[in-house]
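Participant: fold the stuff below for me.
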Amino acid sequence: MGISPMRGKVYLIGAGPGDPELITCRGRRILEQADSVLYDHLAPAALLELAPAHAERLYVGKKKSVHAFSQDEIAGMLIERARRGLRVVRLKGGDPFLFGRGGEEAEALADAAIPFEIVPGVTTAAGIAAYSGVPLTHRGQSSAVTFVTGHEVDAADWSKAGQSETLVIFMGLTAFAEIACELVKHGRSPETPAMAVRWATRPDQETLAGTLATLPALIAESGMKPPATIIVGEVVRLREKLNWYEQLPLFGKQVVVTRAKGQADTLSARLRALGAGVVELPTIEIRPAADYTPLDRAIANLHSYDWLIFTSANGVRFFLERLDASTKDLRSLRARICAIGPATRAAVEALHVKVDLMGKEYVAEGLLEAFAAHDLTGKRVLLPRAAVARDLVPAELARRGALVDVVEAYRTATPEQAAQQAAEIFAGARKPDCITFTSSSTVQNFVAAASAGALAGVAVASIGPITTRTARELGIEITAEASVFSIDGLVEAIVGLYTEETPPSRE
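Facilitator: Prediction:
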């Protein structure tokens, strides 16, 4: 039986310079269909999560002088897996064909008659240029760029390379003092601007700027370690004007997001867009209800309800799943719909269903205030929600005359790996700068998995007063609280911690 044209093939994919979002669309699409991923030290770890659950993930190096496997062994593994009919991804930092040894691996595959494809990536040099504000070319300053490896100083012809208006030196950090001497010896002015960048395009990007004469000492004094790339040329002067990335309000800050896996994306993306390094620590796991009988019974009588209240997007999702599993559909819904806040409202409106009522403040008290103008006497209300939740809403609506059915739509639990992940994140030499809590459950589960003491020296941001109250009851002091109880409000509060406009924490 012949091999499918979509299998038994090797893809040499450039992972980009560090920011996982800089991988190409094609690289991402292939990675999402991989059977085996062989990745380098410089390939962003977050990209491995794109591969299917069944895919093999194998680290093959390489750090300087520390190679997990030799180049021949790596080529052999690629060939062996392709011959088994697997779709193999060789994930390489930067671009495979620019000091990535992709040419050697492609040759080995060609010699073995293995089908392969090269998927280019954003080179480290291009990433440095974009994220440090130093264009590699600029009219009137540089019309030529030379890429050179500084791994072996004697192997390069510095008399030729040094004449390029912009010189990009890969793998030359530890030997840069010697390289700078060579460049000056061959005619380059010691006052030529030069900079070294480590972990380009990442939130921990580190930049040292100076000249050929001063940069070697700056590197030594700072203790900068590889991987780093050096750019030499007049274009480095433009950094002062064009350096946008390191000016982002959260650049260099590490923020922990405690939302459930699969629901942290919105908050994480907002924080990353502002320059933060995000560590996801799910302290909540969303699980199906223990018994769906009450919810199924309510759905069977959906036509009888006057109001349907959703207090979370999870409530919307699980309600819809049970509705789909029933003999009913949205045509049975005659109730008016109330949502606690904008995220829940968006989940409802994604169904092309309008929300009739939403509070000004996105907590239970705000929802109840929104109902103040409505006569609830004898009205039937359905509230599908988490198994454990505040009883304020159903109790107050019942006091106002409503007939309230509270049904379990889902349950929350602490993920099994939360304790181990928390220990890894907070036990290191450098703790995160900030942790976020988006509900009382995220606080309670964090304390159960770690402890309030683990947050010593860490700023704590809360989405609203109920979450803040829970945190304080558990011995956690809140550094900043959102003035608008939403993800946008939480992000604004975090930004306020690191700017002059610091939102006050509510007492």
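
Participant: which strands or helices does the worst-scoring helix or strand of the chain on mean pLDDT pack on?
Facilitator: Here the helix or strand of the chain ranked lowest by mean pLDDT, DSSP states H and E is helix 364-370, holding a mean of 88. With contacts taken as 3 or more CB pairs under 8 Å, 6 or more residues apart in numbering; DSSP states H and E, helix 364-370 sits against strand 357-358, helix 392-399. Quick note: C-beta positions are derived from backbone N, CA and C, even for glycine.

Participant: direction included, what does the helix or strand just after the last one pair against?
Facilitator: Right, the one you point to is helix 392-399. Following helix 392-399 in sequence order, the next helix or strand is strand 403-413 (DSSP states H and E). Applying DSSP bridges, strand 403-413 is found paired with strand 285-288 (antiparallel), strand 380-386 (parallel).

Participant: roughly how far is strand 403-413 from the heart of the chain?
Facilitator: 31 Å (CA atoms, centre = their mean, to the nearest Å).

Participant: quick one: that strand to helix 392-399, angle?
Facilitator: 170 degrees (axes from the mean of the first three to the mean of the last three CA atoms, to 10 degrees).

Participant: and the helix or strand that comes right after strand 403-413, what's buried?
Facilitator: Next along the chain after strand 403-413, taking DSSP H and E as the criterion, comes helix 418-426. Going by neighbour count (16 or more other CB atoms under 10 Å), the buried part of helix 418-426 is 418, 421, 422, 425, 426.

Participant: with stretch 18-36 instead?
Facilitator: Neighbour counts over stretch 18-36 (16+ other CB under 10 Å) mark 18, 19, 20, 22, 23, 24, 27, 30, 31, 34, 35, 36 as buried.

Participant: tabulate those (TSV), appending distance to residue 491 and secondary structure.
Facilitator: Shown next, in TSV, are those (distance: CB to CB, whole Å; DSSP: H, G, I helix; E, B strand; the rest coil):
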residue	distance to residue 491	secondary structure
18	23	coil
19	19	coil
20	20	helix
22	22	helix
23	25	coil
24	28	coil
27	29	helix
30	33	helix
31	29	helix
34	33	coil
35	38	coil
36	38	strand
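
Participant: closest one of those to residue 241?
Facilitator: residue 19 (22.1 Å; CB to CB).

Participant: let me know the pLDDT of the closest one.
Facilitator: Per-residue confidence (pLDDT) for residue 19: 94.

Participant: what is the burial count for the nearest residue to it once chain neighbours are set aside?
Facilitator: Using CB to CB, 6 or more residues apart in numbering and skipping residues adjacent in sequence, the residue nearest residue 19 is residue 201, 4.0 Å away. When neighbours are defined as other CB atoms under 10 Å, residue 201 has 23 of them.

Participant: next one, pLDDT for residue 201 please.
Facilitator: 96.

Participant: can you pull the poorly scored residue ranges out of the stretch 1-150 of the chain?
Facilitator: Applying pLDDT under 70 to the stretch 1-150 of the chain flags residues 1-7, 62-67.

Participant: just to revisit the earlier point, would you mind giving the buried residues of stretch 18-36 as TSV with distance to residue 457 added?
Facilitator: Shown next, in TSV, are those (distance: CB to CB, whole Å):
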residue	distance to residue 457
18	27
19	28
20	28
22	32
23	35
24	40
27	39
30	42
31	37
34	40
35	44
36	42
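
Participant: could you single out the nearest of the residues you listed to residue 454?
Facilitator: Of these, the one sitting nearest to residue 454 (CB to CB) turns out to be residue 20, at 27.2 Å.

Participant: circling back to that earlier point, for the buried residues of helix 418-426, which one is nearest residue 184?
Facilitator: residue 425 (45.4 Å).

Participant: quick check: that closest one touching residue 278?
Facilitator: No - at 11.6 Å, residue 425 does not count as touching residue 278 under the criterion of CB atoms under 8 Å.

Participant: identify the contacts common to the two.
Facilitator: residue 256 (CB atoms under 8 Å, 6 or more residues apart in numbering).

Participant: and for residue 72, the neighbour number?
Facilitator: Neighbours around residue 72, by other CB under 10 Å: 10.

Participant: cool, and residue 489?
Facilitator: 18.

Participant: can you pull out the helices in the stretch 401-507 of the chain?
Facilitator: 418-426, 440-449, 465-473, 487-497 (DSSP state H, counting those that start in this stretch).

Participant: now tabulate those in JSON lines and tack on mean pLDDT and distance to residue 347.
Facilitator: Compiled in JSON lines, those are given as follows (pLDDT from 0 to 100; distance: least, CB to CB, whole Å):
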{"stretch": "helix 418-426", "mean pLDDT": "93", "distance to residue 347": "25"}
{"stretch": "helix 440-449", "mean pLDDT": "93", "distance to residue 347": "18"}
{"stretch": "helix 465-473", "mean pLDDT": "94", "distance to residue 347": "20"}
{"stretch": "helix 487-497", "mean pLDDT": "95", "distance to residue 347": "13"}
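
Participant: what's the closest of those to residue 167?
Facilitator: helix 487-497 (37.6 Å).

Participant: if we can go back for a sec, tabulate the strands paired with strand 403-413 in CSV, adding columns for distance to residue 460.
Facilitator: Output for the strands paired with strand 403-413, formatted as CSV (distance: least, CB to CB, whole Å):
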stretch, distance to residue 460
strand 285-288, 22
strand 380-386, 23
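
Participant: and these, which is most packed in?
Facilitator: strand 380-386 (a mean of 23; mean count of other CB atoms under 10 Å).

Participant: quick one: it to helix 440-449, angle?
Facilitator: Computed by the same axes, to 10 degrees, the angle separating strand 380-386 from helix 440-449 equals 30 degrees.

Participant: buried ones in stretch 446-461?
Facilitator: Buried positions in stretch 446-461, judged by neighbour count with 16+ other CB under 10 Å: 446, 447, 449, 450, 454, 455, 458, 459, 460, 461.

Participant: tell me which residues touch the fifth one, please.
Facilitator: In other words, residue 454. Neighbour list for residue 454: 422, 426 [criterion: CB under 8 Å, 6+ apart].

Participant: what about it, distance to residue 250?
Facilitator: Here the distance between residue 454 and residue 250 works out to 22 Å (CB to CB, to the nearest Å).

Participant: equivalent analysis for the fourth one, please.
Facilitator: The gap separating residue 450 from residue 250 is 23 Å, by CB to CB.

Participant: ok, now residue 118?
Facilitator: 36 Å.

Participant: residue 404: neighbouring residues, count only.
Facilitator: 19.

Participant: close enough to count as contact, it and residue 396?
Facilitator: No - judged on CB under 8 Å, residue 404 makes no contact with residue 396 at a distance of 9.5 Å.

Participant: re the thing from before, wait, which of the strands paired with strand 403-413 is closest to residue 90?
Facilitator: strand 285-288 (34.1 Å).

Participant: distance between the closest one and the chain's centre?
Facilitator: On CA atoms, centre = their mean, the centre of strand 285-288 falls 22 Å from that of its chain.
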